[in-house]
Structure formats: structure tokens, C-alpha cells
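Visitor: Any chance you could fold what I've pasted below:
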Amino acid sequence: MAGGWVYIMANRPNGALYVGVTSDPAKRIWEHRTGAVAGHTARYGLKLLVHLEEHAAMPLAIQREKTIKHWPRQWKVNLIEAGIPTWQDLFERYFGRE
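Guide: The predicted structure follows:
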């Protein structure tokens with residue numbers, strides 16, 4: 001069984017957030033960044049990848065996504081800032097292209 005990835009997108013530091021799960025993070029995050037898929041991320045301009053974590057199996061990633069989605073906003077902010085206090089975009093760090 002393939003692994004999964006949980007990610008958080010933002011539009012600016014301490015701005016709107018979106019928590020998602022995918023098996024292909026490079027493709028999915030590119031879709032968010034380019035607005036290729038209509039929805040919450042396109043509507044609010046969520047183009048910054050501010051958190052990414054890998055899980056060994058998709059069911060684990062889905063459960064983690066659901067858990068994070070139910071967290072209070074401040075917990076999500078704390079998770080992001082534990083990894084990148086400056087809220088810089090992680091896309092190039094992980095995928096090496098724009």
C-alpha cells in the first residue's frame with residue numbers, strides 16, 4: 001500500500017489555512033499553487049506550502065489529516081511555527097521547482 005502525505009497551505013503568515021492529504025504531493029500542491037482546481041484554496045489564494053509530513057500508509061495520513069482538521073487554529077499555527085517560524089514557502093525545499 002502506498003504512503004500518504006499531509007500538508008498545510010496558507011495565503012500568508014497567520015492567514016487562512018487549508019489542511020489536505022495526498023499520495024502525490026508535488027502534483028497536488030502545484031494544483032493549489034496554480035489554481036488548477038476550483039475550491040477553498042483557489043478562492044482564498046492559498047499558495048504557500050507551510051507544512052508537509054509523510055506517512056507510511058495512506059490510512060495513517062488520512063487519520064492524521066482528520067485529526068489536524070479538528071484541532072483549534074492555534075494548534076495548527078503552533079505546528080507550522082515549530083517547523084518554519086517565518087512561514088516561508090516549503091515548495092522548493094521539497095520539490096526543487098516552481
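Visitor: where are the low-confidence patches of this protein?
Guide: Using pLDDT under 70 as the threshold, the predicted model of the chain has low-confidence ranges 1, 97-98.
Visitor: if I look at Val6, how far off is Tyr18?
Guide: Distance, Val6 to Tyr18, by C-beta to C-beta, to the nearest Å: 11 Å. Just so you know, the C-beta spots here come from the backbone N, C-alpha and C atoms, and that holds for glycine as well.
Visitor: The closest residue to Thr22 other than its chain neighbours: how many residues sit nearby?
Guide: Taking C-beta to C-beta, 6 or more residues apart in numbering, and ignoring the residues beside it in sequence, Thr22 has Arg28 as its nearest neighbour in space, at 3.9 Å. The tally of other residues near Arg28 (other C-beta atoms under 10 Å) stands at 18.
Visitor: Tell me how far Arg28 lies from Thr86.
Guide: Distance check for Arg28 against Thr86: by C-beta to C-beta, it reads 23 Å.
Visitor: mind listing the helices for the protein?
Guide: Taking DSSP state H as the criterion, the chain contains helices spanning 25-34, 40-44, 58-69, 73-83, 91-95.
Visitor: Which elements pack onto the second one?
Guide: Going back to what we said before, that points to helix 40-44. Counting by 3 or more C-beta pairs under 8 Å, 6 or more residues apart in numbering; DSSP states H and E, the packing neighbours recorded for helix 40-44 are strand 17-22.
Visitor: Mind listing the strands the strand it packs on pairs with, and their directions?
Guide: According to DSSP bridges, strand 17-22 forms sheet pairs with strand 4-10 (antiparallel).
Visitor: any idea of the angle the partner strand forms with helix 58-69?
Guide: With axes from the mean of the first three to the mean of the last three C-alpha atoms, to 10 degrees as the criterion, the two stretches strand 4-10 and helix 58-69 enclose an angle of 30 degrees.
Visitor: How many residues are close by Gly39?
Guide: 12.
Visitor: How about the contacts made by Met58?
Guide: Contacts were defined as C-beta atoms under 8 Å, 6 or more residues apart in numbering; by that measure Met58 touches Met1, Ala2, Gly3, Gly4, Val21, Ser23.
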